[in-house]
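1. here's my sequence, what's the structure:
(one chain, ligands or ions: 1)
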Amino acid sequence: MLDQFLNQITQGDCLELLSHLPDNSVDITFADPPFNLKKKYNSNGDNLELQTYLEWCQKWIAEMVRVTKPTGAIFLHNIPKWLTFYAGYLNQLADFKHWISWDAPTAPMGKTLQPSHYGILFYAKNAKHLKFYEIRYPHKRCRKCSYLHKDYGGKKPLLHPFGPLVSDVWTDIHRVKHNKYRDEHPCQLPIHLLERLILMSTDEHDIVLDPFSGTGTTAIAAKRLGRQYIGFELDESYVAIAQGKLAQEQANSRIGNVWVSFFLDEVISVRDQDWPQLAQFYTIPENVETIDKTKAVLRTSGKVNFSAESEAVINQFAFELI
Ligand SMILES: C[S@@+](CC[C@H](N)C(=O)[O-])C[C@H]1O[C@@H](n2cnc3c(N)ncnc32)[C@H](O)[C@@H]1O
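-> The predicted model follows:
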């Protein structure tokens, strides 16, 4: 039953479609469901009565856990308010690993604190068997001189040459704001957010499932990283947009044989265990503080495969962020 959905975005209701998948059949599941905040998703609403919304969420969350392999991770993206309910259900079905805080402005919720992060709940189907890889992100540097932003109390020479291990607070990934790079969708996620989750929890050819595919962000990330994907989406026009974009994508987000995640022309996520293989592609002076402009080195080495979308954006050089 799985094969008919593999490497496809299938139009339909996710609860119905999930029911066709066998138990323990996909490597990871990621969901970015409607937030019940009256957003305008082309053909479907986003304004259920509270209890109805929560009961509906409980059903697809249980299905996500059922279809995930024992080695797999379950990721749920939403505003903190709904994640508190999701965690309540998930604690009965799977093993809590992390609440990842993704630093991005969200809609005002009233007259208290301005919400400034989305959460990504990270659960293991079974913590004893979880597949997990540590990820590194690049040091923050001055754009002009390449010097490190942080002082590190005199320990700079001891730092990892590429960058620190990723924690559960992500401040280096931003929402795509500029209309030029957005689809006709109210809440499209950045591809490299999904790439980081996929690198962290899967291997090449593994299967990544997203029951609320939107315009295909998860599937695109999976395809770029040489993984397989299954996407479900209710709205026909979003399915068509995703299919059109996927047709243009290739499994080419890598340097040499190592899968990495790029943002524009810089590597933004690498697996810690892959660094020894990647180091040869970087120019790293003895003093980590003066590390060369790695992106220039990568681009001129001719050894890096950039996706068509990355190339287009690099060429126009006009990506705008919040
Ligand atoms: C928050 S958006 C996901 C956006 C997606 N992560 C992206 O980057 O494009 C939620 C999506 O779920 C879809 N949706 C709503 N109800 C659904 C259902 N019952 N089954 C499948 N998809 C559904 C909506 O049409 C919408 O595109």
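2. quick check: L21 touching L2?
-> Yes: counting by C-beta atoms under 8 Å, L21 touches L2, with 6.1 Å between them. All C-beta atoms are positioned from the backbone trio N, CA, C, and that covers glycine.
3. more neighbours, the two?
-> Here L21 and L2 are compared on neighbour count by other C-beta atoms under 10 Å; more neighbours surround L21, at 18 against 15.
4. how about that one, nearest residue that isn't a chain neighbour?
-> Excluding its sequence neighbours, the residue lying closest to L21 (C-beta to C-beta, 6 or more residues apart in numbering) is V67, at 4.6 Å.
5. kindly report the same for W275.
-> Nearest non-adjacent residue to W275 (C-beta to C-beta, 6+ apart): F162, at 5.9 Å.
6. next: V258.
-> Leaving aside its chain neighbours, V258 sits nearest to D274 (4.5 Å; criterion: C-beta to C-beta, 6+ apart).
7. show me the contacts for the one you found.
-> If you count contacts by C-beta atoms under 8 Å, 6 or more residues apart in numbering, D274 has them with V258, W259, V260.
8. so what does the first one look like in phi/psi?
-> Summarising the backbone geometry of V258 under the convention degrees, to the nearest 10, its torsions are phi -100, psi 130.
9. now swap in the second one and tell me
-> Here is the backbone geometry of W259 (degrees, to the nearest 10): phi -80, psi 130.
10. let me know the secondary structure of the residue nearest to W275.
-> Per DSSP: H, G, I helix; E, B strand; the rest coil, the local secondary structure of F162 is coil.
11. what separates it from L246, distance-wise?
-> When C-beta to C-beta, to the nearest Å is applied, the distance between F162 and L246 equals 30 Å.
12. more neighbours: which of these two?
-> Shown here are F162 and L246; by other C-beta under 10 Å, F162 has more neighbours (21 against 18).
13. and the strands in this structure?
-> Per DSSP state E, the chain carries strands over the ranges 8-11, 26-31, 68-78, 95-103, 117-124, 135-136, 169-170, 207-210, 228-233, 254-255, 258-259, 261-263, 266-271, 304-305.
14. make JSON lines out of those strands and add distance to the ligand, mean pLDDT and mean neighbour count.
-> Below are these laid out as JSON lines (distance: least, C-beta to the nearest ligand atom, whole Å; pLDDT from 0 to 100; neighbours: other C-beta atoms under 10 Å):
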{"stretch": "strand 8-11", "distance to the ligand": "9", "mean pLDDT": "98", "mean neighbour count": "19"}
{"stretch": "strand 26-31", "distance to the ligand": "8", "mean pLDDT": "98", "mean neighbour count": "25"}
{"stretch": "strand 68-78", "distance to the ligand": "7", "mean pLDDT": "98", "mean neighbour count": "23"}
{"stretch": "strand 95-103", "distance to the ligand": "13", "mean pLDDT": "96", "mean neighbour count": "17"}
{"stretch": "strand 117-124", "distance to the ligand": "11", "mean pLDDT": "96", "mean neighbour count": "22"}
{"stretch": "strand 135-136", "distance to the ligand": "20", "mean pLDDT": "97", "mean neighbour count": "22"}
{"stretch": "strand 169-170", "distance to the ligand": "16", "mean pLDDT": "96", "mean neighbour count": "16"}
{"stretch": "strand 207-210", "distance to the ligand": "7", "mean pLDDT": "98", "mean neighbour count": "27"}
{"stretch": "strand 228-233", "distance to the ligand": "5", "mean pLDDT": "98", "mean neighbour count": "26"}
{"stretch": "strand 254-255", "distance to the ligand": "22", "mean pLDDT": "92", "mean neighbour count": "20"}
{"stretch": "strand 258-259", "distance to the ligand": "20", "mean pLDDT": "95", "mean neighbour count": "20"}
{"stretch": "strand 261-263", "distance to the ligand": "16", "mean pLDDT": "92", "mean neighbour count": "25"}
{"stretch": "strand 266-271", "distance to the ligand": "17", "mean pLDDT": "93", "mean neighbour count": "21"}
{"stretch": "strand 304-305", "distance to the ligand": "23", "mean pLDDT": "47", "mean neighbour count": "18"}
